[in-house]
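*Asks:* build me a model from this:
(one chain, ligands or ions: 1)
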Amino acid sequence: MFDISHFDVGQAETTDWTPTTPLHQRLSGDDCPYFCEETTLPDRGKRLKKVGQRNYKRMHCEKLALADSLEAAGRDDVANLLRNCCSQLFVDRYTKGVRVRGLNECKHPLCPTAQLARARRQYGATVVAVEKLLSTTADMQGLLLTLTVQSCPAHELNYRLGEIIRAFGRLMSFTKVKQAVKAYVRSVEFTRNAITSLWHVHIHACLFVSKAEYFRRSSKIYISQEQWAALWRKALRATYDPVVDIRALNGLVSPLDERGRDALCEVIKYQVKPGSLVYWESGRAYAVGRQVPELYRKPGSDKLEPMLNVPVIAFCDAVKGRRLVATSRNLQGDETLDFTDDPKGEVKAIDLGEFICTEIYQWHTRGRDADFFLVGRTFNDPDQPGKQGGFAMGP
Ligand SMILES: [Zn+2]
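*Replies:* Residues are numbered from 1 along each chain as shown. Below you'll find the model as predicted:
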């Protein structure tokens with residue numbers, strides 16, 4: 001019926017199948033491009049297109065690729081969390097915009113959608129606190145401080161992350177720093193070099209200083225780039241000179257405006273750069289490290305041994321129970337800061353207009369193709385649970 005040579009099996013599937021796999025095994029199951037014609041699936045409905053800039057299909061494919069890697073490494077619990085995360089999406093349509101909600105959001109730092117949701121929450125909370133600070137304290141200037149450590153292999157990632165977080169705490173406790181810095185937001189970011197397999201952990205910190213005091217001629221509290229580097233070296237207890245960068249953030253001044261918000265958003269946006277842990281090939285997502293072994297420890301063992309799927313599990317182990325974004329105490333949303341009395345301090349909810357309907361999309365796999373397909377609509381306003389608007393099945 002089909003001539004195999006017409007299909008790009010070899011190229012797309014070399015990462016999945018060893019050449020010794022019998023042909024009939026290659027041609028069965030979910031990965032088979034031949035037997036899963038569209039007609040065999042009941043869900044020939046409307047697909048979820050991109051919502052704004054967000055491509056949920058792409059993110060779900062990345063999630064599943066990470067889940068495969070976790071499962072192969074014996075981390076079934078996290079793998080299942082990711083697999084079940086947002087396999088159903090609710091798209092609330094309004095006259096002026098769209099809102100997307102997911103079912104069973106996993107909240108795991110590895111998950112692309114959880115990362116989005118967390119960044120949004122963190123940004124919301126931080127922007128409120130910063131806005132409050134900048135509206136009550138005139139003459140503030142935001143600085144962006146980038147602190148790095150030497151790159152490390154995956155098996156050192158957990159230790160290095162702890163080290164950089166502790167060192168940042170020490171840096172902020174130094175008298176010279178305390179005199180200059182009134183408040184800070186810090187975020188730990190990871191990148192992985194695909195060629196060397198080394199991880200690069202660094203901190204982006206947004207520091208707030210008093211413009212007049214700090215930048216004044218003959219200012220005693222000004223800290224030059226060289227001094228920052230020396231302080232960071234001391235905090236890190238390093239035997240090398242770590243790379244440090246300090247610059248003023250345009251727009252991040254009192255009072256906070258749109259440019260300042262954007263600058264702040266940049267600081268807390270990513271923990272791990274999208275793409276560090278997943279790569280795409282011939283339209284499919286794969287987790288990095290599923291083919292090339294790296295040294296790592298099995299759970300409960302001290303011995304380093306070559307293992308597959310190391311990048312994903314190393315990240316998973318390193319971030320467990322750690323705060324990747326943190327702020328100085330005066331920026332924490334605690335009882336000393338009450339935003340309710342200050343209307344300007346509240347984050348403005350985006351005006352979405354009138355509610356129209358909610359579309360329900362379900363993740364379905366169709367051979368090698370997979371997507372979110374429309375399975376139903378409901379007219380019940382999610383923000384008004386009492387009011388029944390009706391439900392319609394089918395696209
Ligand atoms: Zn998730």
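*Asks:* what's across from Thr365 in the sheet?
*Replies:* Using DSSP bridges, the beta-bridge partners of Thr365 come out as Ala370.
*Asks:* can you get me a residue count around it?
*Replies:* If you count neighbours by other CB atoms under 10 Å, Thr365 ends up with 14. Bear in mind the C-beta positions are built from the backbone N, C-alpha and C, glycine included.
*Asks:* likewise the one 5 residues further on?
*Replies:* A count of nearby residues for Ala370, using other CB under 10 Å, gives 16.
*Asks:* wait, it touches Gln362, no?
*Replies:* No - when contacts are counted by CB atoms under 8 Å, Ala370 is not listed as touching Gln362 (11.0 Å).
*Asks:* go through stretch 198-207 and flag the buried ones.
*Replies:* Residues of stretch 198-207 classed as buried: Leu198, Trp199, His200, Val201, His202, Ile203, His204, Ala205, Cys206, Leu207 (neighbour count, 16 or more other CB atoms under 10 Å).
*Asks:* who's in contact with Val288?
*Replies:* If you count contacts by CB atoms under 8 Å, 6 or more residues apart in numbering, Val288 has them with Arg192, Ala194, Ser276, Leu277, Val278, Tyr279, Pro311, Val312.
*Asks:* any chance of CSV for those, columns pLDDT and distance to the ion?
*Replies:* Converted to CSV, the contacts of Val288 look like this (pLDDT from 0 to 100; distance: CB to the ion, whole Å):
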residue, pLDDT, distance to the ion
Arg192, 91, 20
Ala194, 86, 24
Ser276, 81, 17
Leu277, 90, 14
Val278, 91, 14
Tyr279, 90, 19
Pro311, 94, 18
Val312, 93, 14
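*Asks:* quick check: residues of the protein near the ion?
*Replies:* Cys85, Cys106, Cys111, Ala114 (CB under 5 Å from the ion).
*Asks:* please redo it, this time with the cut-off set to 8 Å
*Replies:* 63, 81-82, 85-86, 102, 105-108, 111-114 (CB under 8 Å from the ion).
*Asks:* and the residue nearest to Gln227 when sequence neighbours are not counted, how far from the ion?
*Replies:* Excluding its sequence neighbours, the residue lying closest to Gln227 (CB to CB, 6 or more residues apart in numbering) is Lys176, at 7.7 Å. Look at Lys176 and the ion: by CB to the ion, to the nearest Å, they are 42 Å apart.
*Asks:* what's the burial count for Lys176?
*Replies:* Neighbour tally, Lys176, other CB under 10 Å: 15.
*Asks:* list the contacts of the residue of the stretch 251-395 of the chain at minimum distance from the ion.
*Replies:* When scored by CB to the ion, the stretch 251-395 of the chain has Trp363 as its residue closest to the ion, at 12.3 Å. Going by CB under 8 Å, 6+ apart, Trp363 touches His60, Ser87, Gln88, Ala370, Asp371, Phe372, Phe373.
*Asks:* related to what we said a few turns ago, confirm the residue nearest to Gln227 sits in a helix?
*Replies:* Yes - assessed by DSSP: H, G, I helix; E, B strand; the rest coil, Lys176 belongs to a helix.
*Asks:* ok, now which ones touch it?
*Replies:* Lys176 makes contact with Ile221, Ile223, Gln227, Leu231, according to CB under 8 Å, 6+ apart.
*Asks:* wait, Cys111 touches Asn84, no?
*Replies:* No - if you go by CB under 8 Å, Cys111 and Asn84 don't touch, sitting 10.9 Å apart.
*Asks:* how about a markdown table for the residues of the chain next to the ion, with secondary structure and neighbour count added?
*Replies:* Listed next are the residues of the chain next to the ion as a markdown table, based on DSSP: H, G, I helix; E, B strand; the rest coil; neighbours: other CB atoms under 10 Å:
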| residue | secondary structure | neighbour count |
| --- | --- | --- |
| Lys63 | helix | 27 |
| Leu81 | helix | 21 |
| Leu82 | helix | 27 |
| Cys85 | coil | 23 |
| Cys86 | coil | 26 |
| Gly102 | strand | 18 |
| Glu105 | coil | 16 |
| Cys106 | coil | 20 |
| Lys107 | coil | 13 |
| His108 | coil | 20 |
| Cys111 | coil | 23 |
| Pro112 | helix | 24 |
| Thr113 | helix | 23 |
| Ala114 | helix | 21 |
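*Asks:* in TSV, list the residues you listed along with pLDDT.
*Replies:* As requested, the residues of the chain next to the ion are arranged in TSV below (pLDDT from 0 to 100):
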residue	pLDDT
Lys63	93
Leu81	93
Leu82	93
Cys85	92
Cys86	91
Gly102	86
Glu105	86
Cys106	88
Lys107	85
His108	88
Cys111	89
Pro112	86
Thr113	86
Ala114	84
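*Asks:* closest to Phe355 among those?
*Replies:* Relative to Phe355, the closest of these is Gly102; by CB to CB it sits at 18.7 Å.
*Asks:* measure the closest residue in space to the closest one that isn't next to it in sequence to Lys273 for me?
*Replies:* Using CB to CB, 6+ apart and skipping the chain neighbours, the partner closest in space to Gly102 is Cys86 (3.1 Å). Look at Cys86 and Lys273: by CB to CB, to the nearest Å, they are 21 Å apart.
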